[in-house]
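J.: Pasting the sequence and the predicted coordinates here, then a few questions.
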Protein chains: 2
Amino acid sequence: MTNREDRLIDRIRKKIPSAAGGILRAGIGDDAAVLRAPASSEWLVTVDPFIEDVHFLADAYPPDAVGWKALVRATSDIAAMGAMPQLFLLSLAIPAKRTGRWLDAMLAGMARAAERLGLRLAGGDTAQSSRKNPKVSISVTVFGTVQRGRALLRSGARPGDAIFVTGRLGAAQLGLELILRGLHRERRWKKQLAAQFYPQIFPGLAAWLAEHRLATAMMDISDGLSTDLDRLCRASGVGARIHAATFLSANVPRELARLRLDPLKLALHGGEDYGLLFTVPKRLASRIPRAPGDVPLTRIGKIVPGRGVRLVAVGGSSSLLVARGWDHFSKR
Amino acid sequence: MTNREDRLIDRIRKKIPSAAGGILRAGIGDDAAVLRAPASSEWLVTVDPFIEDVHFLADAYPPDAVGWKALVRATSDIAAMGAMPQLFLLSLAIPAKRTGRWLDAMLAGMARAAERLGLRLAGGDTAQSSRKNPKVSISVTVFGTVQRGRALLRSGARPGDAIFVTGRLGAAQLGLELILRGLHRERRWKKQLAAQFYPQIFPGLAAWLAEHRLATAMMDISDGLSTDLDRLCRASGVGARIHAATFLSANVPRELARLRLDPLKLALHGGEDYGLLFTVPKRLASRIPRAPGDVPLTRIGKIVPGRGVRLVAVGGSSSLLVARGWDHFSKR
């Protein structure tokens, strides 16, 4: 005779790994989760919302992609500081019509991401969206651990450091452009949509960089390279010089030429790739290609004294790069 | 030349205490916050959403009450385990029209709650709600610390324990009933609305109970006594017997008699009071009235062997109490 909310919580905990034990002393079932970490480590915590018609379009998004991406994008912030993802809290408001198969598929996507990233569910909250606000609203809080003092901040970049990024820049934005034009309904663009629906992150690489003290600064590229590199430079009090010719950018198929999507612009300003952006002292840069795992890594330029990011075009001319990545509060 | 989102984050951190230091090694400005607690303590963490037209009606709620209540209701879960509130993360999506004065007032209410509860803002995320989903969506993650092994769970109640609650039961529900009838527009009901708009919680009392090992189980009453006491009993594998005559219930003014609001029903099933519900071994129960602070405390009954909660009516007859508190997923 438990109530419906308690039964929904039971359904969630059956689908997503959530057993207490180890650093999770008490999890789902009490008012709060109880965490205990070794004295030699620090906690890293972050929160990320994932809201229908704000962060994703429910009509375009497969439900399992909603669950996958909600968890991956939040975890990306933890990984980007060199920490190992450990636990998460899930806050979920859903309309009644989505509590059946849609929720099952959403949770399946989230469970897959949790297993991939080594995350356990430690607690959360559920609510039913009302008729006046019948939207899915998800908020994910992620906890990671890192050895004391090893967390990689944005503020450590120094002139001379090499700048690296992971993955294809702008691939997620290409997927978004297809969705905005209704092309996600065509099966043949499945591959081009994957980076938007199911972003991949690399906590193992990030933790390796932190553990071996190879990186001086690190963050994830969530709002686009031009905006996020600008943030890293400001936090470090430095400038940067990057080379367009080095970019591994999104493949825009020839059949989509009519859309006039410029791979360079996608690479510079496209958001949601969740790749790593990090800086490495010049003398250590040669060790980076020997990183574990199979992560596509590109050296795109270097940190310089002063301020601002300069982009060297393929032709060799250079100009100041204006931050034109994703800004939630820009006039749209 | 920072972008608008970064400027909004600056506005928030100027209004709400957020300085790094002590257990907050790095806060706003990096991908994640870095936390370090003494080896003798454990972290308690919880998340609570507060969404327009799901958890609050924006037309009825003063904006400072939105900020106050969003933070207080999340912190209640931490306090209810006997921990000292320390830090919080704020995830915020707001429509453009609310980024001006409304946001300032909301943040002022949140800042007041943060100061009252001793909380610092450690990080978060902001987004602009879209035209397709123009609602305010808040999610608050709260962190507290407690000495190792002292967190008070729901599962520790034993037969013979005395049952205590704090505050007036059903006072917040009375406020909600007034709002649902449009009576919040009449200034004369300001006092009756206070418990709904600006709930008070007592982390000091809760920490005192944990520190002195006086309580065997504790939780907050967020969904109503009948539902939450049922949860505590289930978690502990016990039953309970409570006496209606002992309840400190909401004062329903005589002018509202026409609404036929039954103070007993409000007390049993009304949600959102965020009072403490805790159990104390019989031999220690006499120490409870000597608790520090000025918290209204009531002993309402005792834990018994078996299952279920029995309510002894004022007349002396007893009956099984059905959990009829707030259930987000009940058919409405």
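T.: Here it is on my side, so go on.

J.: which ones are touching the closest residue to A:Gly306 other than its chain neighbours?
T.: Nearest residue to A:Gly306, sequence neighbours excluded (C-beta to C-beta, 6 or more residues apart in numbering or on different chains): A:Gly239, at 4.3 Å. All C-beta atoms are positioned from the backbone trio N, CA, C, and that covers glycine. Going by C-beta atoms under 8 Å, 6 or more residues apart in numbering or on different chains, A:Gly239 touches A:233, A:303-310.

J.: would you turn these into JSON lines with neighbour count and pLDDT?
T.: Compiled in JSON lines, the contacts of A:Gly239 are given as follows (neighbours: other C-beta atoms under 10 Å in any protein chain shown; pLDDT from 0 to 100):
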{"residue": "A:Cys233", "neighbour count": "23", "pLDDT": "98"}
{"residue": "A:Ile303", "neighbour count": "25", "pLDDT": "98"}
{"residue": "A:Val304", "neighbour count": "17", "pLDDT": "98"}
{"residue": "A:Pro305", "neighbour count": "10", "pLDDT": "98"}
{"residue": "A:Gly306", "neighbour count": "11", "pLDDT": "96"}
{"residue": "A:Arg307", "neighbour count": "13", "pLDDT": "95"}
{"residue": "A:Gly308", "neighbour count": "17", "pLDDT": "95"}
{"residue": "A:Val309", "neighbour count": "24", "pLDDT": "97"}
{"residue": "A:Arg310", "neighbour count": "16", "pLDDT": "97"}
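
J.: coming back round to it: quickly list what the residue nearest to A:Gly306 is bridged to.
T.: Beta bridges link A:Gly239 to A:Val304, judged by DSSP bridges.

J.: where along chain A do the strands fall?
T.: Under the criterion DSSP state E, strands of chain A are mapped to A:24-26, A:33-35, A:41-51, A:84-94, A:120-128, A:137-147, A:162-166, A:217-221, A:239-243, A:275-280, A:297-304, A:309-312, A:318-320.

J.: And those: which comes nearest B:Ala122?
T.: strand A:41-51 (7.0 Å; C-beta to C-beta).

J.: So, low pLDDT: which residues of chain A?
T.: Applying pLDDT under 70 to chain A flags residues A:1-2, A:328-332.

J.: give me that answer again for 50
T.: Residues of chain A meeting the criterion pLDDT under 50: A:1, A:332.

J.: residue ranges for the helices of it, please.
T.: Taking DSSP state H as the criterion, chain A carries its helices at A:4-15, A:63-79, A:101-117, A:171-180, A:190-197, A:203-211, A:225-236, A:263-269.

J.: Of the ones you listed, which is nearest B:Ile138?
T.: Once the helices of chain A are compared by C-beta to C-beta, helix A:63-79 is nearest, at 16.3 Å.

J.: next one: the closest one to chain centre, how far?
T.: 7 Å (C-alpha atoms, centre = their mean, to the nearest Å).

J.: thinking again about what came up before, of all the strands of chain A, which one comes closest to B:Tyr274?
T.: For those, the distance to B:Tyr274 is smallest for strand A:120-128, at 14.0 Å, taking C-beta to C-beta.

J.: near chain B, which residues of the stretch 151-300 of chain A?
T.: Selection of the stretch 151-300 of chain A residues close to chain B by C-beta under 8 Å from any C-beta of the partner chain yields A:151, A:153-155, A:219-220, A:227, A:231, A:234-235.

J.: Now with 10 Å, please.
T.: When proximity is defined as C-beta under 10 Å from any C-beta of the partner chain, the stretch 151-300 of chain A approaches chain B at A:151-155, A:217-220, A:222-223, A:227-228, A:230-231, A:234-235.

J.: ok, now which ones touch the closest residue to A:Asn3 other than its chain neighbours?
T.: With C-beta to C-beta, 6+ apart as the criterion, A:Asn3 has its nearest non-adjacent residue at 4.3 Å, and that residue is B:Asp327. Contacts for B:Asp327 (C-beta atoms under 10 Å, 6 or more residues apart in numbering or on different chains) come out as A:2-8, A:128, B:223-224, B:227, B:271.

J.: between those residues, which has the most around it?
T.: B:Gly224 (27 neighbours; other C-beta atoms under 10 Å in any protein chain shown).

J.: Isn't that one up against B:Tyr274?
T.: No - applying C-beta atoms under 10 Å, one finds B:Gly224 not in contact with B:Tyr274, separated by 11.5 Å.

J.: Could you check how far A:Ala257 is from chain B?
T.: 30 Å (C-beta to the nearest C-beta, to the nearest Å).

J.: how many other residues sit next to that residue?
T.: Neighbours of A:Ala257 (other C-beta under 10 Å): 9.

J.: So A:Ala267 sits against A:Ala244, correct?
T.: Yes - with contact defined as C-beta under 10 Å, A:Ala267 counts as touching A:Ala244 (8.0 Å).

J.: out of these two, which sits in the more crowded spot?
T.: Higher neighbour count among A:Ala267 and A:Ala244: A:Ala267, with 25 against 19, using other C-beta under 10 Å.

J.: Against B:Pro159, how distant is that one?
T.: To B:Pro159, A:Ala267 is 67 Å away according to C-beta to C-beta, to the nearest Å.

J.: And for A:Leu119?
T.: As defined by C-beta to C-beta, A:Leu119 lies at a distance of 39 Å from B:Pro159.

J.: Among those two, which residue is more densely surrounded?
T.: The residue with more neighbours, out of A:Leu119 and B:Pro159, is A:Leu119; 28 against 15, by other C-beta under 10 Å.

J.: Verify the stated contact: that one with A:Ala113.
T.: Yes - contact criterion C-beta under 10 Å: A:Leu119 and A:Ala113 qualify, at 7.6 Å.

J.: which residues are common contacts for those two?
T.: Common contacts of A:Leu119 and A:Ala113, defined by C-beta under 10 Å, 6+ apart, comprise A:16, A:71, A:74-75, A:88, A:140.

J.: Using a markdown table, please lay out these together with neighbour count and distance to B:Gly22.
T.: A markdown table is the format used below for the shared contacts of A:Leu119 and A:Ala113 (neighbours: other C-beta atoms under 10 Å in any protein chain shown; distance: C-beta to C-beta, whole Å):
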| residue | neighbour count | distance to B:Gly22 |
| --- | --- | --- |
| A:Ile16 | 24 | 33 |
| A:Leu71 | 29 | 30 |
| A:Ala74 | 28 | 25 |
| A:Thr75 | 30 | 26 |
| A:Phe88 | 31 | 25 |
| A:Val140 | 29 | 26 |
